[in-house]
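Enquirer: below is the sequence, then the predicted model.
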Amino acid sequence: MTTTRPSARRTARTPATEPLRTPQARPAAHPASNPGAQPAAHPRRAVVAVQRVFGAENPNFYLLLGTTLFLVIFGLVMVLSSSSVEVGARTGDFFASFQRQGFYAILGVPLMLVASRVPAVFWKRAAWAALIGTSVLQLAVFIPGVGINYQGNQNWIHIGSFTAQPSELVKLSLALWLGWVLAAKQNLLGDWKHVFIPIGPVAAVAIGLVLLGKDLGTALILLSIVLGCLFYGGVRLRILGAAIGIVGFVVFLFTRFSSNRTNRIDAWLSGCTSKSDQLGTCWQTIHGWWGIASGGIFGSGLGESKVKWSWLPEADNDFIFAIIGDELGLIGAIVVLVLFVVLALSFIRIIRASDDPFVRVSTSGIMIWIIGQAFVNIAVVLGLLPVLGVPLPLISAGGSSLIASLVGIGIVLSYARHTPVKL
Amino acid sequence: MKKSRSARARLAVTIVVIVAIVVIFSGRLFDLQVIQGPTLAAKAQKDRSTQVTTYGTRGAIEDTNGNVLADSVDRFDITVAPINVKLDGDDSYVKGVKVHTSFESELQSIAAITGQTTDELRAAITADPKANFAYLTKAVTLDVFTRVQALHIPWIYYEPHPARTYPNGAIAGNLVGFVGTDGPQAGIELKENSCLAPTNGTSTYEKGEDGVRIPGSTVTQKNPKDGGTIKLTIDRDMQWFAQQTIAQRAQQIGAKWATAVVVRVADNHLMAVADYPTVDPNNVSAANPAATGSRAFAIPYEPGSTFKAMSAASMIDAGVITPTTKITLPSLYRFPDGAYIKDSFPHGVLKYTTAGVLENSSNIGISILSEKLDAQSRRDYMLKFGVGQKTAVGFGGESSGHLGAVSSWDEITNRAVEFGQGVSATSVQVAQIFSTLANHGVHLPLTLVEGCYHADGTVTDKPSTKATRVISAQAADETVQMLETVVSSGPNSPVLKIPGYRIAAKTGTAQVAGPNGYTDDRVISVAGIAPAENPKYVVLVTFGEPSTVKVSAAAAPAFRKLMIQVLKKYRIPPSTVPAPFIQTTW
């Protein structure tokens, strides 16, 4: 990627607003191929067609794709390491979680690549339908026999022998839908009524459905997506500020009404120092810390974590970052942080490169979702936030999360393909 | 749409915020992994860790030829963590297929192997269901251990429990002693415990939340150190023969007890110290409680005429008599108060030399001779021969015997100590007297333990070899020559003689004191040195309170049998020079 980047920049500069065309990139990509004579018209179109399918995309595309694939493969390794002991003790098959996660990756990566081939206009048209469709799926979690309650969260449904979390798809469709709405209202965002209608009620319904299932973590992510999209959609800061104030108050009230949440938050606020907290609500946090602390600078070595021997609940899921910190140390943990920063930068580059408000807003929604959720997850593991139960995107075990994230990134990749590079 | 400046600014803010968050995260990671890291990691490790004792092996006890008399074997305690027991049974996986085993059938499987009842096992487990530790059974063999282990029951644990075995059974059981549940109880096991005892080590391992031992997490704080091997001077085969010989003879003559001691003259090493009755350390509870130690070391008795050899040697050394000093013996040795000493055989006036007194074991003769040396000097000689003090062996429960101060001696005792009455000694003390005579008057420390051999090749607890001259070589040699007459021409000559060898010996028939003076019971003994011209071995046999024959002649067959075995076993060549003539009468 580093070798194609400067040349791509140069070629892109001459036709300022023209999208990057493969024929122009060709001399740089193939300096040896007959530089003097231009081929005849008909064969040249055939070459173009082939190169459009297989040819080099712009650097943002590869930056995002490369980082994503690295995180997915890294995630598979860490899922294997963090789950094998526990799943082996439970089922006798040490590879069960890894194989399931591998299957989701094998399903998700092609889906991402397919999504990256779809024109942006398709997503714009599908936004409404996607939001309605995923909300209906989210409703299905309340149907007895279809919905599943896991650790107090009514947030799963059966699909054959698999289980799925429709709320992950709601995150994606909400980002798309917000892109569509804010793009359509591009010139009306100065008026708070236009900002509020229809975004307010629709978002409230979508988040409300998740909250009904008592999944506060996911609801907070959805809320962040909504606020993020408003922010990047160009809504005035004072309207945004008011919205944040109201939402913040509601969230506060909500946490106070659930004793479970209150306990967790109080324990977190007290720093997990009391013995009863350590054996109760802080068990996970404390063992997460212990895992990270055991890593030191260079890590205890891949596979060497000891907290994964049934001490740390959800070691392959919400607390996988603790296992990363344990086995790969400070260096490994910071590499993961840097990878998410790189992911964020590639999202921002794609946003900046685009003039289409739909592309800009929906990309920022997906960015807020993936990067925000990653940061929330890591903050929870580090004890900087109370336990919220959100997985680490692309890395944690979990099919719905992985596939939804990959499809979301696939959509952003499709934007990247059709956007000229501008820096 | 034209991108507004605010949109660019908002993206720039985003980058700043992201970088800020990552910086905070990195700081927190640095805090957790580097600053607090070692403390938290140590706390976590402590929380996961379980300490276990690793056992060293108790050292073996061997005879002088390396035959093992006591050894350690591996036994195992089967323990349980009641808190981990699931009363609804356990799931296991056989090739990925889940198998459920009920608690009851688990108990039955264990019971079938350990031979306990399921009720016993259940009681052990349910006594305190919250406990982390309880014993199911103790000290099972490797076979039982491996079969229980093969059940793969998750709440069962094991501890090695080293146990003791005595492959030679009762051979030297009196010396080796035994180890009880609370540690060593008797004999060398107790005396040399500091050498034999292993130092247990400790190690810790980390466990999973479900109690599984995490592979590779074992940390050894201290390695166990095996105990050293104690090598005895005892010769197992000779010990066996001595035990057999005295046991057989004791039963024939109805003796209550018997001892036999074989000493190698050159270094005063004990080749055999036999007791009857004795103990099999493998089965201590079957033994007579009084016979669990070594009588030869522990219980003194009035030795009788065997002491006359020491008396004569002392006076020769003092220069007051010679082997041919001529004395006239009346039929009774009278004291002014009317009391008297008599001989074991009635006689008129006899004319004996010193040699004749020993040959015929005359109490009157030795009493007359003893008039030539003052009591204190005679007592000092006895002390130098080791009477009244423990031997250098220092065996557990060893007695020093009793040698009263001269001031406590009355007229009779003043003479009687010379023929071994009114004084008490243990069998090993009597044997020691004869080995000093045999060793040309030089006393070497009596030795039972050759040393403690450690795994690193060092040897500790080596016995002292400090030699002390007790009497002149001439006095000692002349005494041995006089003692030859006992075998060659004395009254017990027929039962003592061993063809081809020159043997020096002294018999003893001592009266046993009861609460009201001397009783009819006797202690009969024979102490001998072979070969007389170049002494190699001392043999002493003693029988206590025989019921059928009460004279020393009854001890002679056992002495002769044991002496023949010594001569054969240690390949002593027959004597080539005849015994010099010593005048015994005049």
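Expert: Nice, I can see it.
Enquirer: quick check: phi and psi at residue 213.
Expert: Here I'm looking at chain A. Note on A:Gly213: backbone dihedrals following degrees, to the nearest 10 are phi -80, psi 0.
Enquirer: chain B, not that one
Expert: Phi and psi for B:Arg213, reported as degrees, to the nearest 10, are phi -70, psi 120.
Enquirer: and if you look at A:Ser161?
Expert: Backbone torsions of A:Ser161, given as degrees, to the nearest 10, read phi -90, psi 0.
Enquirer: tell me the spacing between it and A:Glu314.
Expert: Separation of A:Ser161 from A:Glu314 (Cβ to Cβ, to the nearest Å): 22 Å. Heads up, the C-betas are built off the backbone N, CA and C, glycines and all.
Enquirer: among these two, which residue is more densely surrounded?
Expert: Between A:Ser161 and A:Glu314, counting by other Cβ atoms under 10 Å in any protein chain shown, A:Glu314 is the more crowded of the two (19 against 5).
Enquirer: mind checking pLDDT for the more buried one?
Expert: We note a pLDDT of 83 for A:Glu314 in this prediction.
Enquirer: quick one: residues contacting the closest residue to it other than its chain neighbours.
Expert: Excluding its sequence neighbours, the residue lying closest to A:Glu314 (Cβ to Cβ, 6 or more residues apart in numbering or on different chains) is A:Gln284, at 7.0 Å. Residues near A:Gln284 by Cβ atoms under 8 Å, 6 or more residues apart in numbering or on different chains: A:312-314, A:319, A:387.
Enquirer: and of the residues you listed, the nearest to B:Lys568?
Expert: A:Leu312 (76.8 Å; Cβ to Cβ).
Enquirer: right, and B:Leu29 touches A:Gly325 too?
Expert: Yes: B:Leu29 sits in contact with A:Gly325 when judged by Cβ atoms under 8 Å, with a separation of 6.6 Å.
Enquirer: who's more crowded, the two?
Expert: Per other Cβ under 10 Å, whichever of B:Leu29 and A:Gly325 has more neighbours is A:Gly325, with 32 against 25.
Enquirer: by mean pLDDT, which helix or strand of chain B comes out lowest?
Expert: strand B:90-94 (a mean of 73; mean pLDDT, DSSP states H and E).
Enquirer: mind listing what's buried in that strand?
Expert: By neighbour count on 16 or more other Cβ atoms under 10 Å in any protein chain shown, the buried set for strand B:90-94 is B:Asp90.
Enquirer: tell me how far the residue nearest to A:Glu314 lies from A:Ile148.
Expert: Distance of A:Gln284 to A:Ile148, given as Cβ to Cβ: 21 Å.
Enquirer: find the closest residue to chain A in the stretch 201-350 of chain B.
Expert: Taking Cβ to the nearest Cβ as the measure, the point where the stretch 201-350 of chain B comes nearest chain A is B:Gly208, at 3.1 Å.
Enquirer: show the pLDDT at that residue.
Expert: 83.
Enquirer: over to B:Thr436?
Expert: Reading off the model, B:Thr436 has pLDDT 96.
Enquirer: which residues of the stretch 151-300 of chain B lie near chain A?
Expert: Within the stretch 151-300 of chain B, the residues that sit near chain A (Cβ under 8 Å from any Cβ of the partner chain) are B:206-210, B:212, B:214, B:217.
Enquirer: in CSV: those residues, plus distance to A:Trp289.
Expert: Supplementary listing: these in CSV, determined by distance: Cβ to Cβ, whole Å:
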residue, distance to A:Trp289
B:Glu206, 17
B:Lys207, 19
B:Gly208, 18
B:Glu209, 16
B:Asp210, 21
B:Val212, 22
B:Ile214, 19
B:Ser217, 19
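Enquirer: among those, which one lies nearest to B:Gly517?
Expert: Distance ranking of these against B:Gly517, using Cβ to Cβ, places B:Lys207 first at 74.0 Å.
Enquirer: correct me if wrong: that closest one contacts B:Ile214.
Expert: Yes: judged on Cβ under 8 Å, B:Lys207 makes contact with B:Ile214 at a distance of 6.3 Å.
Enquirer: before we move on, the earlier item: quick one: common contacting residues for B:Leu29 and A:Gly325?
Expert: By Cβ under 8 Å, 6+ apart, the residues touching both B:Leu29 and A:Gly325 are A:292, A:333.
Enquirer: got the residues of the stretch 151-300 of chain B next to chain A as JSON lines, with neighbour count and secondary structure columns?
Expert: Formatted as JSON lines, these follow (neighbours: other Cβ atoms under 10 Å in any protein chain shown; DSSP: H, G, I helix; E, B strand; the rest coil):
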{"residue": "B:Glu206", "neighbour count": "22", "secondary structure": "strand"}
{"residue": "B:Lys207", "neighbour count": "18", "secondary structure": "strand"}
{"residue": "B:Gly208", "neighbour count": "19", "secondary structure": "coil"}
{"residue": "B:Glu209", "neighbour count": "16", "secondary structure": "coil"}
{"residue": "B:Asp210", "neighbour count": "14", "secondary structure": "coil"}
{"residue": "B:Val212", "neighbour count": "14", "secondary structure": "coil"}
{"residue": "B:Ile214", "neighbour count": "18", "secondary structure": "coil"}
{"residue": "B:Ser217", "neighbour count": "18", "secondary structure": "coil"}
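Enquirer: among the residues you listed, which two are most distant?
Expert: B:Asp210 and B:Ser217 (14.5 Å).
Enquirer: show me the shaky parts of the chain.
Expert: Went with chain A since none was named. When residues are selected by pLDDT under 70, those of chain A lie in A:1-44, A:46-57, A:151, A:258-261, A:274-280, A:419-423.
Enquirer: other chain: chain B
Expert: Low-confidence regions of chain B, defined here as pLDDT under 70, cover residues B:1-4, B:94-96.
Enquirer: does the most centrally placed residue in it lie in a helix or a strand, and which?
Expert: The centre of chain B sits closest to B:Ile188, judged by Cα atoms, centre = their mean, with a distance of 2.7 Å. Using DSSP states H and E, B:Ile188 falls within helix B:187-191.
Enquirer: in terms of secondary structure, what does that helix contact?
Expert: Helix B:187-191 is packed against helix B:173-176, with contacts defined by 3 or more Cβ pairs under 8 Å, 6 or more residues apart in numbering or on different chains; DSSP states H and E.
Enquirer: the helix it packs on packs against which elements?
Expert: helix B:187-191, strand B:269-276.
Enquirer: give the next helix or strand downstream of it.
Expert: Next along the chain after helix B:173-176, taking DSSP H and E as the criterion, comes strand B:179-180.
Enquirer: sheet-wise, list the partners of that next one with their directions.
Expert: Here strand B:179-180 is paired, per DSSP bridges, with strand B:183-184 (antiparallel).
Enquirer: contacting residues around the partner strand?
Expert: Contact with strand B:183-184 is made by B:177-178, B:190, B:193, B:196-197, as judged by Cβ under 8 Å, 6+ apart.
Enquirer: can you check stretch A:292-299 too?
Expert: A:300, A:305-307, A:322, A:325-333, A:381-382, B:29, B:32-34, B:36-41, B:44-45.
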